[in-house]
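> Next comes the sequence, and after it the predicted model I'd like to discuss.
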Number of protein chains: 2
Amino acid sequence: MSGTNFKSLEECLEKHIPADELKEVKRILYGRSDDNVLPLPMEATKLAAEHGFELKGYRIGAKQEQMRKPRLVKVGAIQNSIVLPTDAPLEKQRDAIWQKVTTMIKAAAAAGVNVVCMQEAWTMPFAFCTREKFPWCDFAEEAEHGPTTKMLQELAKTYNMVIISSILERDVEHGDTIWNTAVVISNRGRYLGKHRKNHIPRVGDFNESTYYLEGNTGHPVFETEFGKIAINICYGRHHPQNWMMFGLNGAEIVFNPSATVGALSEPLWSIEARNAAIANSYYTVAINRVGNEEFPHEYTSGDGRAAHKVFGPFYGSSYVAAPDGSRTPGLSRDQDGLLITEIDLNLCRQIKDFWTFRMTQRLDLYAESFKRASQLDFKPQIIKE
Amino acid sequence: MSGTNFKSLEECLEKHIPADELKEVKRILYGRSDDNVLPLPMEATKLAAEHGFELKGYRIGAKQEQMRKPRLVKVGAIQNSIVLPTDAPLEKQRDAIWQKVTTMIKAAAAAGVNVVCMQEAWTMPFAFCTREKFPWCDFAEEAEHGPTTKMLQELAKTYNMVIISSILERDVEHGDTIWNTAVVISNRGRYLGKHRKNHIPRVGDFNESTYYLEGNTGHPVFETEFGKIAINICYGRHHPQNWMMFGLNGAEIVFNPSATVGALSEPLWSIEARNAAIANSYYTVAINRVGNEEFPHEYTSGDGRAAHKVFGPFYGSSYVAAPDGSRTPGLSRDQDGLLITEIDLNLCRQIKDFWTFRMTQRLDLYAESFKRASQLDFKPQIIKE
């Protein structure tokens, strides 16, 4: 049973653990003993069957309130492998991914999804391990006026859907600089704005600062017709203070489009986005790509292994976590998939009232402590015998 | 299979999942496919058998380095129920718990434990749900000169062991005020100092500010012979910025003595202390009490249920998490237990070098953002259509 043959934790638990104990396992592991499956329309399941992607639907509810109606939102998370070999012409590579993902967005639309998000740098292979500038930089496009945004604006309008598109951005007006950026398109097809990845990894195969530096767009929250949403791109999920600022700016759902592989981060995957949902009383949507990606030229990994061309496997396992600490099962570790989760945004404020983490956060204390800790003459608070 | 009959998640997984798949389950869930059991001496296992407490031992290693020797430390975590009924004379209640825990400390000593930590408010029932000031406030004692500290100083000296004792503190010099405080005693039996709980819950059965308010001792790290240690008391584990300040002050192990019950927090338990270990590149030790506690007078829970006298069950499940995201199995949900974990402190700096979360944390950005967010005229960063 090697890691690559292990489809998902959930499948394994379902297969082996008796029903009565499975309820307890799920309660402890996932915060709810019942998966609370969302029925999906035939049109969506048919598309999934025809095109060979996994399709799962779940519900996360909230208490009925007297002063507010439920605020039900259907959130879609798309995980996928690339389509063509990485030495195919760039435009063909991109168009093939566009086509695959467009089908998944159509399935999402058929199921009534309101907000959909793709994985990090979804229009391209995650080639940053190669350290080659060419041709990979040529995948970069303008956030507002690039072809991917234009293409998605049509889909957003057609399907009345907010779309979050995490791309490699080329900022033509600022010296052709490159950024790792999430573009938000409103359900009317308008460009709402963008957010640039705040924390840039220098770990394992990735010193992504070869390509782009720390984001300069702060922690924007996009107020859409379907709730206040924000995006914490990939490595930013390791930084609790990053998650926290999106919460302080009012986010109700924070998406985490990612690209990460097993040996590096798989045991962390189920912890970090879920902890963020708990600590900040909002929903989080963790999305990771799947598959292996083979590059034309060999590269080294800085870990003593021989030079090689294949990177992966990315382990998928996309999931949604709720402010009450519960979460959905994950998509598979190895297959394209669309995860649809119907959530009630009222749960965010209900949990804020219940746990009162914001009221007890002592923000002024930490503003001051962080300031001291960031100064050159900082003396840690140490007590010695 | 009700929650109270479910001994532990680990026991269930071991029982039902075939060995080859269990390795993958453990790798994904716990970050290591092998429990890496620490052999324990007969003297310790004998004490555990005689006195009916669970005893488990694990190892968490680090890479061999050329410039530093391994820094192996054995950490002990003690979870326990109270002993006498809560209407017994206070001194008898406390002495009976002292006696039970002293036996467990002796077992820890036999196994060579260097640093041991008990659960939150370990000398008493966790009576704060009653909202009665009397007699519970009378369990409070002075941090430096109280009887529990004196008793433990003898044990610490005898066994060459650092002891962390989380008690209800009475500060006689500051108007007889009461605090929720962890006392640190060095392995030479000296009082090293104290830390007061930074974040106070107002949730479920507990508005603990009935008894004590937010701590005023900052985020001290105690430099001991066995590493730099800190204490994040109970509800402080929900606040990532609290964990972070202990890290910024240099902590290598952060203990989280707690008292928390199933319905409230069990699905959060395995997430928060582990996320803190990941985010801050240090070890965390999460400790929770076990059993039900019945109080003399009925109290209400503010949740529509009838007035009642029993609080619980506390679900135990104490565990150790490592900076690489791995963790030990948990102690049981319902039994007294001593968890001994041999850790290599070198792993902290190794993981800091590997993941570089501190180098990429942008502390000045967050100092400034938190300052703005804490001001009355704060305007969240919101983008609207």
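Okay, I see it.

> Let me see the ranges of the strands in the stretch 201-350 of chain A.
In the stretch 201-350 of chain A, the strands defined using DSSP state E, counting those that start in this stretch lie at A:202-203, A:206-207, A:221-224, A:227-231, A:253-258, A:283-288, A:290-299, A:308-315, A:319-321, A:337-344.

> Run the chain-centre distance for the longest one.
Centroid separation for strand A:290-299 versus its chain: 22 Å, with Cα atoms, centre = their mean, to the nearest Å.

> What of the fifth one?
For strand A:253-258, the distance from its own C-alpha centre to the chain's C-alpha centre is 3 Å (Cα atoms, centre = their mean).

> same thing with the fourth one?
If you compare the mean C-alpha spot of strand A:227-231 with that of the full chain, they lie 12 Å apart, counting by Cα atoms, centre = their mean.

> That one packs against which elements?
In terms of contacts (3 or more Cβ pairs under 8 Å, 6 or more residues apart in numbering or on different chains; DSSP states H and E), strand A:227-231 is packed against strand A:115-117, strand A:162-171, strand A:177-185, strand A:221-224, strand A:253-258. Glycine gets a C-beta too; all of them are placed from N, C-alpha and C.

> Minimum distance to A:P18: which of those has it?
With Cβ to Cβ, the closest approach to A:P18 among these belongs to strand A:253-258: 33.9 Å.

> and that closest one, does that touch chain B?
No. If you take Cβ under 8 Å from any Cβ of the partner chain as the test, strand A:253-258 misses chain B, and the best it gets is 13.6 Å.

> Could you export the strands of the stretch 201-350 of chain A as TSV, including mean pLDDT?
Shown next, in TSV, are these (pLDDT from 0 to 100):
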stretch	mean pLDDT
strand A:202-203	95
strand A:206-207	94
strand A:221-224	98
strand A:227-231	98
strand A:253-258	98
strand A:283-288	98
strand A:290-299	98
strand A:308-315	96
strand A:319-321	98
strand A:337-344	98
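
> picking that back up, most packed of the helices and strands packed on strand A:227-231?
Mean neighbours per residue, mean count of other Cβ atoms under 10 Å in any protein chain shown, is largest over these for strand A:253-258, with a mean of 29.

> For it, list the C-alpha coordinates in CSV.
The C-alpha trace of strand A:253-258 is given here as CSV (Å, rounded to 0.1, in the frame of the first residue of the first chain):
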residue,chain,number,x,y,z
ILE,A,253,-15.2,32.4,3.4
VAL,A,254,-11.5,32.2,2.8
PHE,A,255,-10.2,30.2,-0.1
ASN,A,256,-6.8,28.6,-0.1
PRO,A,257,-5.8,27.7,-3.7
SER,A,258,-2.7,25.6,-3.3
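
> any idea of the pLDDT on A:A263?
Here the pLDDT value assigned to A:A263 is 77.

> count of neighbours near it?
10 (other Cβ atoms under 10 Å in any protein chain shown).

> Next, the angle from the longest helix that chain A contains to strand A:337-344.
Taking DSSP state H as the criterion, chain A has its longest helix at helix A:90-110. Calculated by axes from the mean of the first three to the mean of the last three Cα atoms, to 10 degrees, helix A:90-110 forms an angle of 40 degrees with strand A:337-344.

> elements contacting helix A:90-110?
Secondary elements touching helix A:90-110 (3+ Cβ pairs under 8 Å, 6+ apart): helix A:42-51, strand A:72-79, helix A:147-159, strand A:337-344.

> That helix vs helix A:42-51, what angle?
150 degrees.

> of all of the stretch 101-250 of chain A, which residue lies closest to chain B?
A:P240 (3.3 Å; Cβ to the nearest Cβ).

> Skipping its backbone neighbours, what lies nearest that residue in space?
Leaving aside its sequence neighbours, A:P240 sits nearest to B:P240 (Cβ to Cβ, 6 or more residues apart in numbering or on different chains; 3.3 Å).
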